[in-house]
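Participant: I'd like to go over a predicted model; first the sequence, then the structure.
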Amino acid sequence: MGAHPIRKSIRRAALTLALPVFTRAASTTLTWDAAPATPGVQGGAGAWADAGVANWFNGATDRAWANANGDSALFNAPPAGVINLSGTVAAHIVTFDTPGYTLTGGTLRIGYEVVGGIITNADATVASTVVAPNGFDTWYKDGPATLTLTGNNSASFIPFTIKAGIVAVSGQASLPPNTHVTNGSRVLYTGTGDDLSVNLTVGDPAHGSDTAILDIPDANAYVNLTGLLMGSGTLIKQGAGTFSPRYSNTNFFGDFRIDAGTLQVDDPNVLHSRPITLRGATLLLRADTQPVSPAPSPPPQLPQTPSTSTA
């Protein structure tokens with residue numbers, strides 16, 4: 001006779017209960033400690049790597065960083081220093097509370113299970129390449145201070161949202177190719193001139209009448225935006241330099257406010273018939289340069305006399 005059905009069920013249950021249960025350590029915020037042998041948390045330079053030196057204080061003891069844990073990193077102890085990343089370092093959120101820290105080398109992967117970001121409560125520089133995990137909707141910059149990006153972030157197409165403060169760049173490769181500027185935050189361009197092949201989204205509908213600031217302080221500098229301009233907020237141009245949108249925009253439903261410097265328009269199509277407000281600034285209308293075309297079609301015929309815009 002076959003085995004009794006009740007005994008079969010008991011054996012199956014026993015096998016199920018015998019299977020091991022795997023859990024990962026709970027993620028937490030770890031504080032950078034440049035001198036683990038010294039009591040307390042010490043600021044300063046050092047190296048940051050997965051399974052590296054035990055430079056991270058968890059509230060009780062220093063331990064090594066573990067990418068798999070999805071922990072957040074806090075730099076809050078003076079003096080600031082240069083932190084050299086080795087390989088890829090993964091952190092949910094990186095926060096700077098002491099000014100002057102610089103992350104350089106390697107790759108900084110932001111976000112773990114949920115969206116992550118970089119928070120600058122004090123000015124900081126990230127020269128490392130910054131990426132977000134595949135499948136994420138965005139990664140963000142928050143906090144009132146300035147985040148200076150100097151690495152090559154041009155390969156990360158996951159949208160980058162600036163929620164507060166300032167993001168400073170001096171070249172086109174440092175600003176991620178899909179950048180969303182919200183809540184009156186600012187992109188500060190400190191270079192001498194670039195064609196920015198960045199898709200720039202202005203404002204967040206959740207904030208109602210939202211604004212985004214593009215600041216070009218050098219009077220001799222220029223930014224030619226060759227990517228899409230999108231969104232429905234107000235793009236505020238500040239600084240003495242020149243801003244020129246070059247893509248024939250069909251996705252921008254906001255307006256332009258030029259507080260300083262020059263808005264150069266080489267073709268009226270780039271404005272998508274949006275209003276312009278001048279506040280002691282200059283509107284330069286030209287018709288000698290074709291816009292970047294979004295489709296492989298013949299370039300449009302430009303009018304001989306540019307149309308006027310409200311100011």
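Facilitator: Everything's here; your move. Residues are numbered from 1 along each chain as shown.
Participant: Report how many residues lie close to Q238.
Facilitator: Residues within reach of Q238, counting by other Cβ atoms under 10 Å, total 20. For the C-beta atoms, the positions are set from N, CA and C on the backbone; glycine is no exception.
Participant: Please tell me how far it sits from T161.
Facilitator: According to Cβ to Cβ, to the nearest Å, Q238 and T161 sit 20 Å apart.
Participant: Also A155?
Facilitator: For A155, the distance to T161 equals 18 Å [Cβ to Cβ].
Participant: Which residue of these two possesses the greater neighbour count?
Facilitator: Higher neighbour count among A155 and T161: T161, with 22 against 10, using other Cβ under 10 Å.
Participant: what pairs with the more buried one across the strands?
Facilitator: Note on T161: beta-bridge partners Y140, H180, judged by DSSP bridges.
Participant: wait, it sits on K141?
Facilitator: Yes. Taking contact to mean Cβ atoms under 8 Å, the distance of 7.4 Å between T161 and K141 places them in contact.
Participant: Identify the contacts common to those two.
Facilitator: Common neighbours of T161 and K141 (criterion: Cβ atoms under 8 Å, 6 or more residues apart in numbering): G117.
Participant: who touches the closest residue to P79 other than its chain neighbours in this structure?
Facilitator: Of all residues not flanking P79 in the chain, G43 sits nearest, at 5.1 Å (Cβ to Cβ, 6 or more residues apart in numbering). When contacts are counted by Cβ under 8 Å, 6+ apart, G43 touches W32, A34, F75, N76, A77, P78, P79, A80, G81, T98.
Participant: who's in contact with the residue most central in space within the chain?
Facilitator: Computing the C-alpha centroid of the chain and ranking residues by Cα atoms, centre = their mean puts F160 first, at 3.9 Å. For F160, the contact set (Cβ under 8 Å, 6+ apart) comprises T138, W139, Y140, K141, N153, L175, P176, N178, T179, H180.
Participant: quick one: it and W65, what's the gap?
Facilitator: Per Cβ to Cβ, F160 is found 24 Å from W65.
Participant: Kindly report the same for S174.
Facilitator: Applying Cβ to Cβ, the value for S174 to W65 is 25 Å.
Participant: What of R257?
Facilitator: With distances taken as Cβ to Cβ, R257 is found 44 Å from W65.
Participant: and the strand or helix carrying V187, average pLDDT?
Facilitator: For V187, the host element (DSSP states H and E) is strand 186-189. Strand 186-189 comes out with an average pLDDT of 98.
Participant: isn't T28 right up against S72?
Facilitator: Yes. T28 is within contact range of S72, at 7.4 Å (criterion: Cβ under 8 Å).
Participant: Compare the two (neighbour count), which wins?
Facilitator: Using other Cβ under 10 Å, the more surrounded residue of T28 and S72 is S72, with 19 against 13.
Participant: pLDDT at the more buried one, what is it?
Facilitator: 98.
Participant: Likewise for A122?
Facilitator: 98.
Participant: which residues touch it?
Facilitator: A122 touches F96, D97, T98, P99, G100, Y101, A145, counting by Cβ under 8 Å, 6+ apart.
Participant: If we use 6 Å, what do you get?
Facilitator: Shown in contact with A122 (Cβ atoms under 6 Å, 6 or more residues apart in numbering): F96, D97, T98, P99, A145.
Participant: and what of I118?
Facilitator: V94, K141, L147.
Participant: mind putting those in a markdown table, neighbour count and distance to S232 included?
Facilitator: Formatted as a markdown table, the contacts of I118 follow (neighbours: other Cβ atoms under 10 Å; distance: Cβ to Cβ, whole Å):
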| residue | neighbour count | distance to S232 |
| --- | --- | --- |
| V94 | 24 | 31 |
| K141 | 25 | 21 |
| L147 | 25 | 25 |
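Participant: Good, we can wrap up now.
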